[in-house]
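Visitor: I'd like to go over a predicted model; first the sequence, then the structure.
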Amino acid sequence: MLTPAHTQIVVHALSMAAQVAGHRAGVESNRQQLEATTALFEAKAGVLKELIGALVERRVDAVKGGFSDVLGLYAEQARHFMEQQARYGDAELTATDPLVRADLRKRLGEIDIELRRIRSDARRLYRQMTDIVLRLGGDALSLSPDYLSTLTLTDMRTVSHG
């Protein structure tokens, strides 16, 4: 038979067991809540990572597009001087007056200097622009074959970025 003291011990033990069970249930609930929060955080982090990657990629593409446009202006200017060079060269061949020929020859020399300056500037810009794009995480600039040949960039296969 149970004495009041034994009854009190059993009730106290049952109360303690109920508290432990409640505590375990609380811990389990907290663990599940933590797992759900962690999964949500990981999903958000993944989305942010992809978003940042896309923004960087778009920025690199925008920078590359701008650089291509600038080199296109150089190519256009070079084509203009190349056309003038051809026109003055033809005129020099058909000119009979020595003074006219000398003037045309002088103008051809000036055009040649301008054309070399444009191409030199374009090569320098191409190297710098490619270096910037590579530092941003992009790949080398891909230009139209027309730009490459007009600006004589065809020999620029490697670009150092140190």
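Guide: All right, it came through fine. These numbers come from a predicted model, not from an experiment.

Visitor: helix or strand for the residue positioned nearest the centre of the chain, which one?
Guide: Compute the mean C-alpha point of the chain, and by Cα atoms, centre = their mean the closest residue is Val60, 2.4 Å away. According to DSSP states H and E, Val60 maps onto helix 4-94.

Visitor: Does anything pack onto that helix? Which helices or strands?
Guide: On a contact count with 3 or more Cβ pairs under 8 Å, 6 or more residues apart in numbering; DSSP states H and E, helix 4-94 meets helix 98-135, helix 145-150. (C-beta placed from N, C-alpha, C; glycine too.)

Visitor: The last one - what's its average pLDDT?
Guide: Taken as a whole, helix 145-150 has a mean pLDDT of 80.

Visitor: Buried ones in it, by neighbour count?
Guide: 147-148, 150 (16 or more other Cβ atoms under 10 Å).

Visitor: got the contact list for that helix?
Guide: With Cβ atoms under 8 Å, 6 or more residues apart in numbering as the contact definition, helix 145-150 has outside contacts at 68, 71-72, 75, 78-79, 82, 153-154.

Visitor: how does this structure divide up, domain by domain?
Guide: Domains of the chain are assigned by automatic domain parsing as 1-34, 61-162.

Visitor: where's the first one relative to the chain centroid, distance-wise?
Guide: The chain centre lies 61 Å from the centre of domain 1-34; the measure is Cα atoms, centre = their mean, to the nearest Å.

Visitor: for stretch 53-63, same thing?
Guide: In terms of Cα atoms, centre = their mean, the centre of stretch 53-63 is set 5 Å apart from its chain centre.

Visitor: now stretch 73-93
Guide: 35 Å.

Visitor: Also stretch 122-141?
Guide: 10 Å.

Visitor: And stretch 48-61, by the same measure?
Guide: Worked out by Cα atoms, centre = their mean, stretch 48-61 lies 8 Å from the chain centre.
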